[in-house]
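Visitor: give me the fold of what follows.
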Amino acid sequence: MKGLRFGSKIIFIINSLVAFLLLISYILPYIPPKSFASLSVLSLGVPLLILFNALFFLYWLLRVRKQFLLSLIVLLLGWNYINSMYKFSRTKAVEDEANFTVMSFNVRLFNRYEWLPSKEVKEDIIELILNEQPDILSLQEYRTGDPIDLEGYYNFNGRHTEGIKAGQTIFSKFPIVNSGSLEFPNTYNNAIFADIVKGKDTIRVYSFHLQSSGIQTDVEKLKDETSGHLFKQVRSTFRAQQDQVELFLAHKSKSNYKTIVTGDFNNTAYSYIYRMILGDDLKDSFEEAGNGFGRTYDFKFFPLRIDFILVDKDFTVNGFKLYEEKLSDHYPIKATLKLH
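Guide: Model prediction:
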């Protein structure tokens, strides 16, 4: 730090801390939350750490100081993280007669508790679905006691199913030949699956709703939360999510079908949870064909991508669409796929 004035030295110390935290975050996908739950919390702040390091890089670069190298090197080391947060190149959708589409949307109980001022949220969601006509549709926070009817679709858990938790459903224009639920213990959350026949192929589709941290998105309400309480909530959530993902992986290992995993992970692409679900045989449809930030959750501080459509590597992702309609605290996503 020779040659730097006192104020610049303080800025570089802060820069070094932020760079160090981002560097640490690169190993978080390989650390089970049960082992280091407190450290796993850092994964939620990765977008901010990337942004701060980019600002520090520009700050030192404009001042023609070699200190710009610190953030530059750390950012380059985590280039895949940046690519996961923001897709710089727009991928043009590929038209193919073999294409089919998969949509996922956390509908937040169709605005049952009037979080949004509109009284017609449910009707607007149905209109969106009918306009887009996805071939496969997974919905989270869905009320089986207040079901929707979609003409031309088969469904699993579209209405109350004995022994299956409410909260999720899968609709499909293709026949559903088998289905079921992974009942997560001590929670209202679960995962469901449907085996869907498309032509000569059977595809297994999962819909996830992993444990939620329950953190407030409203700024004023969030101010009332202590940092200790927030950390405790997130630590507990990540541990529960690890248990839930382990149940999923055990279930998935017994299937030989090509797999599509959709839903609300309540975690980011920088987490251990995401890496375990992705595994070696799935790919992220947003990273394949999306663009921009890919924000799927209405969080006021920075763009959060916590809803995913992950697909077997035998699928080609020919398109990805993120909708901006404000019909929930989540935004719908749709992938256009082709099976080799």
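Visitor: only C-alpha atoms for contact and neighbour calcs from this point on.
Guide: Will do.
Visitor: how much space separates Glu141 from Lys173?
Guide: Glu141 is 21 Å from Lys173, where distance means CA to CA, to the nearest Å.
Visitor: same deal with Asp329?
Guide: Asp329 is 27 Å from Lys173, where distance means CA to CA.
Visitor: so which strand or helix has Lys9?
Guide: helix 6-25 (DSSP states H and E).
Visitor: let me redo that: Asn53
Guide: Counting by DSSP H and E, Asn53 is found in helix 46-62.
Visitor: got the CA positions of that helix in PDB?
Guide: Below are the C-alpha coordinates for helix 46-62, written out as PDB (Å, rounded to 0.1, in the frame of the first residue of the first chain):
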ATOM      1  CA  VAL A  46     -22.700 -13.300  -3.600                       C
ATOM      2  CA  PRO A  47     -24.400 -10.900  -6.000                       C
ATOM      3  CA  LEU A  48     -23.600  -8.000  -3.700                       C
ATOM      4  CA  LEU A  49     -20.000  -9.200  -3.300                       C
ATOM      5  CA  ILE A  50     -19.600  -9.400  -7.100                       C
ATOM      6  CA  LEU A  51     -21.100  -5.900  -7.500                       C
ATOM      7  CA  PHE A  52     -18.800  -4.400  -4.800                       C
ATOM      8  CA  ASN A  53     -15.700  -6.000  -6.300                       C
ATOM      9  CA  ALA A  54     -16.600  -4.600  -9.700                       C
ATOM     10  CA  LEU A  55     -17.000  -1.100  -8.300                       C
ATOM     11  CA  PHE A  56     -13.600  -1.400  -6.500                       C
ATOM     12  CA  PHE A  57     -12.000  -2.600  -9.700                       C
ATOM     13  CA  LEU A  58     -13.400   0.500 -11.600                       C
ATOM     14  CA  TYR A  59     -12.400   2.800  -8.700                       C
ATOM     15  CA  TRP A  60      -8.800   1.800  -8.800                       C
ATOM     16  CA  LEU A  61      -8.700   1.500 -12.600                       C
ATOM     17  CA  LEU A  62      -9.900   5.100 -13.000                       C
END
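Visitor: state the next helix or strand along the chain beyond it.
Guide: Going down the chain from helix 46-62, the next helix or strand is helix 68-77, by DSSP H and E.
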